[in-house]
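Asks: Take this sequence and fold it.
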Amino acid sequence: MAGRRAVYAVAMHVTVVGAGVSGLTTAAALVEAGWSVDIVARGRHPDTVSVVAAAIWTTTTAEPQVRVRQWALTTRERFATIAADSSSGIAPLMQREFERVDPGPLWWESTPFVRRLGDHELPPEYAAGFEIDGFIVEPPIYLDWLTSRLVDQGVTITTNAVTSLEDLEADVIVNCAGLAARDLVGDDTMFPIRGQVVAVANPGINEGVSDESDADRVAYVYPRSREVILGGARQVGNQVTSPDDDLTARILSDGARLDPRVSDVEVLDVRVGLRPGRPEVRVEAGVLGDGRPVVHNYGHSGAGFLLSWGCALDVVDLVTAAI
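Replies: I've put the predicted structure just below:
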């Protein structure tokens, strides 16, 4: 992405709130653009919802559609570069996504990375499907990879609960607080979306498959280097962070239906996280009560990894414009 944004030699300082994928990626993009950056967050990434995410580059129905399309494509371009580093935790992944009811023409079909499947390529119970040339992200590895590079570049990451953006010392504040933005900036449109995944041993799977027919009961099988992630759930308003045993059983059953190879493999872990739901992703500039500029980047509703670099580079533009 070098060259997309003008690089400014500035002495001004930015504080990024949040150390999930949005916060870390935004900090990385700002450092690339020449800004002095620090991060403050309630917890480091092992304690964020990002580390629980299935984390793939795939299709999405997040809004606003036009901006989401560009953010997703920009992120894919950056993932393709990062994946060249085998230590990054990002790798190419081909997957097939099926629908029981044909959704009609969709924006992602116009990209060179998504192909609508022909009728002869669909299992009998499905009316539509897509082949997606994307990427799989292993959050613990990738977030460590991002963090180590930020620290090497002089970024300080402080663990501290932020209750007011005005209390932070910086020329510009960037809010990547995720679900916490609901209270931090009084955004009543925010809501939790509970997710649960089951990690099982990888029996040799190297392609992904998903059933997107029911938005609240999406089923998927996504392979990683040593495990396979089975999902999933989209429970709007549910804030329970302990595993649901009945849901675990359903996820295992759905995974075995999609790919029989996971029928009898070892269950390694059950993981739960609360996605930061919002009717639209919020990437926009504003002004704090004390007159300093603030830029918001939150509300990705489960598409944080998918949109991460696209949103982060737009934040760089907004921060630059704010001064």
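Asks: only C-alpha atoms for contact and neighbour calcs from this point on.
Replies: Noted.
Asks: Can you pull out the low-pLDDT segments for the stretch 1-150 of the chain?
Replies: 1-11, 45-47 (pLDDT under 70).
Asks: and residue 173, bridged to which residues?
Replies: Per DSSP bridges, the residues bridged to residue 173 are residue 15, residue 294.
Asks: Test for you: state the pLDDT assigned to residue 214.
Replies: Looking at residue 214, its pLDDT stands at 89.
Asks: What is the burial count for it?
Replies: Residue 214 has 13 neighbours, counted by other Cα atoms under 10 Å.
Asks: so how far is residue 164 from it?
Replies: For residue 214, the distance to residue 164 equals 38 Å [Cα to Cα, to the nearest Å].
Asks: And residue 255, by the same measure?
Replies: 43 Å.
Asks: cool, and residue 66?
Replies: Distance from residue 66 to residue 164, by Cα to Cα: 32 Å.
Asks: quick one, strands of the stretch 1-150 of the chain?
Replies: Secondary structure of the stretch 1-150 of the chain by DSSP state E, counting those that start in this stretch: the strands cover 13-17, 36-41, 56-57, 90-99, 114-116, 128-137.
Asks: Out of those strands, flag the one nearest residue 169.
Replies: strand 13-17 (7.5 Å; Cα to Cα).
Asks: Can you report phi and psi for the residue lying closest to residue 202 once chain neighbours are set aside?
Replies: Closest residue to residue 202 apart from its sequence neighbours, by Cα to Cα, 6 or more residues apart in numbering: residue 227 at 4.5 Å. Main-chain torsions, residue 227, degrees, to the nearest 10: phi -150, psi 170.
Asks: Any idea what residue 227 is bridged to?
Replies: residue 201.
Asks: picking that back up, out of residue 255 and residue 164, which sits in the more crowded spot?
Replies: residue 255 (27 against 10).
Asks: Over to the more buried one. Which of the three states is it?
Replies: helix (DSSP: H, G, I helix; E, B strand; the rest coil).
Asks: So it sits against residue 229, correct?
Replies: No. Contact criterion Cα atoms under 8 Å: residue 255 and residue 229 do not qualify, at 9.2 Å.
Asks: any common contacting residues for the two?
Replies: Applying Cα atoms under 8 Å, 6 or more residues apart in numbering, one finds that residue 255 and residue 229 are jointly contacted by 220, 221.
Asks: all helices for the stretch 1-150 of the chain, in order.
Replies: 21-32, 65-82, 139-152 (DSSP state H, counting those that start in this stretch).
Asks: could you redo these as TSV and give each row mean neighbour count?
Replies: What follows is those, written out as TSV (neighbours: other Cα atoms under 10 Å):
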stretch	mean neighbour count
helix 21-32	24
helix 65-82	18
helix 139-152	17
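Asks: Of those helices, which is nearest residue 50?
Replies: Judging the helices of the stretch 1-150 of the chain by Cα to Cα, what sits closest to residue 50 is helix 21-32, at 6.0 Å.
Asks: what distance separates the closest one from the middle of the whole chain?
Replies: 13 Å (Cα atoms, centre = their mean, to the nearest Å).
Asks: so what does that helix touch, helix or strand wise?
Replies: strand 13-17, strand 36-41, helix 139-152, helix 304-322 (3 or more Cα pairs under 8 Å, 6 or more residues apart in numbering; DSSP states H and E).
Asks: Tell me the bridge partners for residue 57.
Replies: Applying DSSP bridges to residue 57, the residues it is bridged with are residue 135.
Asks: Let me know the distance separating it from residue 103.
Replies: 20 Å.
Asks: Residue 151 now?
Replies: Distance, residue 151 to residue 103, using Cα to Cα: 44 Å.
Asks: Would you mind giving the helices and strands packed on helix 21-32 as JSON lines with distance to residue 271 added?
Replies: Below are the helices and strands packed on helix 21-32 laid out as JSON lines (distance: least, Cα to Cα, whole Å):
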{"stretch": "strand 13-17", "distance to residue 271": "24"}
{"stretch": "strand 36-41", "distance to residue 271": "21"}
{"stretch": "helix 139-152", "distance to residue 271": "13"}
{"stretch": "helix 304-322", "distance to residue 271": "17"}
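Asks: out of these, nearest to residue 219?
Replies: helix 304-322 (18.0 Å).
Asks: What is that closest one packed up against?
Replies: Short answer (3+ Cα pairs under 8 Å, 6+ apart): helix 304-322 packs on helix 21-32, strand 56-57, helix 65-82, strand 282-287, strand 293-298.
Asks: residues making contact with it?
Replies: 5, 21-22, 25-27, 29-30, 33, 50, 55-58, 68, 70-76, 78, 172, 283-285, 293-297, 300.
Asks: try 6 Å this time
Replies: With Cα atoms under 6 Å, 6 or more residues apart in numbering as the test, helix 304-322 has contacts from 22, 26, 30, 55, 57, 71, 72, 74, 75.
Asks: The closest residue to the first one other than its chain neighbours: neighbouring residues, count only.
Replies: Nearest non-adjacent residue to residue 22, counting by Cα to Cα, 6+ apart: residue 308, 5.6 Å away. Using other Cα under 10 Å, residue 308 has 25 other residues around it.
Asks: Kind regards, and thank you for your time.
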